[in-house]
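1. pasting the structure only:
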Ligand code: ADP
Ligand code: MG
């Protein structure tokens with residue numbers, strides 16, 4: 001037998017074994033665990049012929065998420081974010097907080113300031129997350145925007161320098177980063193195929209027998225699907241929408257994604273879904289694209305490798321990155 005034939009037979013058997021593994025994996029009931037975290041329901045699903053062997057690793061992933069939430073939640077007085085909010089100048093923070101800040105500063109610059117982690121005072125003023133959100137006066141908004149802007153945070157050589165007394169808010173990026181850290185815990189434990197889903201923002205690990213199919217919610221019809229993403233490769237999928245947290249006053253909808261230029265809710269989009277390798281980046285980009293609007297937003301995504309967007313504009317029309325077109329099934 002020639003060497004090539006032998007090689008061909010060996011490769012064929014590898015192929016059969018791999019297919020068999022995938023089928024086995026998909027036949028088995030997955031392990032599903034949920035936890036209330038990050039202000040939502042977090043669900044971890046592990047697909048494996050013997051998924052029960054990963055129960056403790058799933059618990060470890062939840063524990064990692066809880067400890068990172070404690071670090072990044074500005075409403076907790078002992079968090080890194082609270083400490084950072086009260087400081088000016090060079091501030092010592094945990095390496096994870098520094099990672100988040102560095103990514104946020106990069107997206108802040110790339111988006112011309114549309115993504116802005118210094119809007120903590122503005123968010124508190126609008127009262128999102130409190131029992132009584134309200135539309136503030138123009139004067140109050142002006143005051144809350146003093147000292148904000150993407151130049152007010154500088155991350156350099158393992159240190160963060162804050163240039164004003166702005167309050168920091170990582171609400172537009174922390175959840176995605178924390179999903180990434182849970183994924184890292186599972187991957188280190190040897191998990192081959194899984195999903196970490198935090199209230200619809202999610203990241204996938206590995207491949208299944210068929211492609212991953214991820215439903216994207218319609219921004220104006222709560223129970224309807226806008227589209228289904230069909231992804232052969234494991235990606236992160238993060239959505240920012242004006243329907244997630246909002247209140248209505250005098251017939252007008254006010255939501256929690258702010259245009260840093262005006263201090264008012266951004267008006268160009270209804271929802272933005274970003275697909276990228278990492279959830280932290282996708283999270284920040286989804287918020288940035290929402291503020292920038294469909295055209296400038298999708299142009300921003302072009303600057304990142306294998307990063308795509310599905311945008312519902314304010315008028316209800318749908319725009320999509322060219323790279324995502326072949327990965328979408330419409331209902
Ligand atoms: P969630 O998935 O929790 O609804 P998003 O990723 O859609 O969050 O981001 C919304 C949150 O981002 C807001 O609640 C606020 O904390 C923060 N935020 C609002 N506007 C901006 C902005 N222009 N830049 C950065 N963060 C923002
Ligand atoms: Mg976001």
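-> Structure's in. What do you need? Bear in mind that the values here come from a model prediction, so they are computed numbers and not experimental data. Ligands and ions are numbered 1, 2, ... in the order given.
2. any idea what sits nearest residue 224, other than its immediate chain neighbours?
-> residue 218 (4.1 Å; C-beta to C-beta, 6 or more residues apart in numbering). Quick note: C-beta positions are derived from backbone N, CA and C, even for glycine.
3. can you pull the contacts of that neighbour?
-> 224, 225, 226 (C-beta atoms under 8 Å, 6 or more residues apart in numbering).
4. Same check on residue 84?
-> So residue 84 contacts 91, 93, 97, 160, 162, 168 (C-beta under 8 Å, 6+ apart).
5. in a strand, that's where the fourth one is, yeah?
-> Yes: per DSSP: H, G, I helix; E, B strand; the rest coil, residue 160 lies within a strand segment.
6. In this model residue 90 seems to touch it, though I could be wrong.
-> Yes: contact criterion C-beta atoms under 8 Å: residue 160 and residue 90 qualify, at 7.3 Å.
7. With neighbour numbers in mind, choose between the two.
-> residue 160 (22 against 11; other C-beta atoms under 10 Å).
8. pLDDT at the more buried one, what is it?
-> Looking at residue 160, its pLDDT is 97.
9. Please apply the same query to residue 311.
-> Per-residue pLDDT puts residue 311 at 98.
10. immediately after the host helix or strand of it, which helix or strand?
-> According to DSSP states H and E, residue 311 maps onto strand 308-313. Proceeding C-terminally, strand 308-313 gives way to strand 318-320 as the next helix or strand, assigned by DSSP H and E.
11. which strands and helices sit next to the following helix or strand past that following strand?
-> For strand 318-320, the following helix or strand on the C-terminal side (DSSP H and E) is helix 322-325. Judged by 3 or more C-beta pairs under 8 Å, 6 or more residues apart in numbering; DSSP states H and E, the packing partners of helix 322-325 are strand 308-313.
12. start to end distance for stretch 311-330?
-> 14 Å (C-alpha to C-alpha, to the nearest Å).
13. Distance check, residue 313 against residue 242.
-> According to C-beta to C-beta, to the nearest Å, residue 313 and residue 242 sit 12 Å apart.
14. So the two - more neighbours on which side?
-> When neighbours are counted by other C-beta under 10 Å, residue 313 and residue 242 differ, and residue 242 comes out ahead with 23 against 17.
15. And the pLDDT for the more buried one?
-> For residue 242, pLDDT reads 94.
16. What's the separation between residue 166 and residue 57?
-> 39 Å.
17. Of the two, which one has the most company?
-> residue 166 (25 against 19).
18. pLDDT wise, what is that one at?
-> So, for residue 166, pLDDT stands at 98.
19. Sticking with the closest residue to it other than its chain neighbours, tell me its helix or strand.
-> By the measure of C-beta to C-beta, 6+ apart, the closest residue to residue 166 outside its immediate chain neighbours is residue 118, 3.9 Å from it. Assigned by DSSP H and E, residue 118 falls within no helix or strand.
20. so who does residue 118 touch?
-> 147, 148, 149, 150, 152, 153, 164, 166, 167, 168, 169.
21. Look at the residue in the stretch 151-300 of the chain that ligand 1 sits nearest to and give its secondary structure.
-> Nearest residue of the stretch 151-300 of the chain to ligand 1, counting by C-beta to the nearest ligand atom: residue 171, 2.2 Å away. Under three-state DSSP, residue 171 falls in the coil class.
22. So it sits against residue 123, correct?
-> Yes: using C-beta under 8 Å, residue 171 is in contact with residue 123, at 7.0 Å.
23. Next, show the common contact partners of the two.
-> With C-beta under 8 Å, 6+ apart as the test, residue 171 and residue 123 both reach residue 256.
24. Have a look at those two and say which one is more surrounded.
-> residue 171 (23 against 18).
25. before we move on, the earlier item: who wins on neighbours among the contacts of residue 118?
-> Counting by other C-beta under 10 Å, top hit in those: residue 168 with 29 neighbours.
26. residues touching that one, list them.
-> 74, 81, 84, 85, 117, 118, 120, 153, 162.
27. 7 Å instead?
-> 74, 81, 84, 85, 117, 118, 120 (C-beta atoms under 7 Å, 6 or more residues apart in numbering).
28. helix, strand or coil for it?
-> Relying on three-state DSSP, one would call residue 168 coil.
29. Residue 123 versus that one, what's the distance?
-> Distance from residue 168 to residue 123, by C-beta to C-beta: 10 Å.
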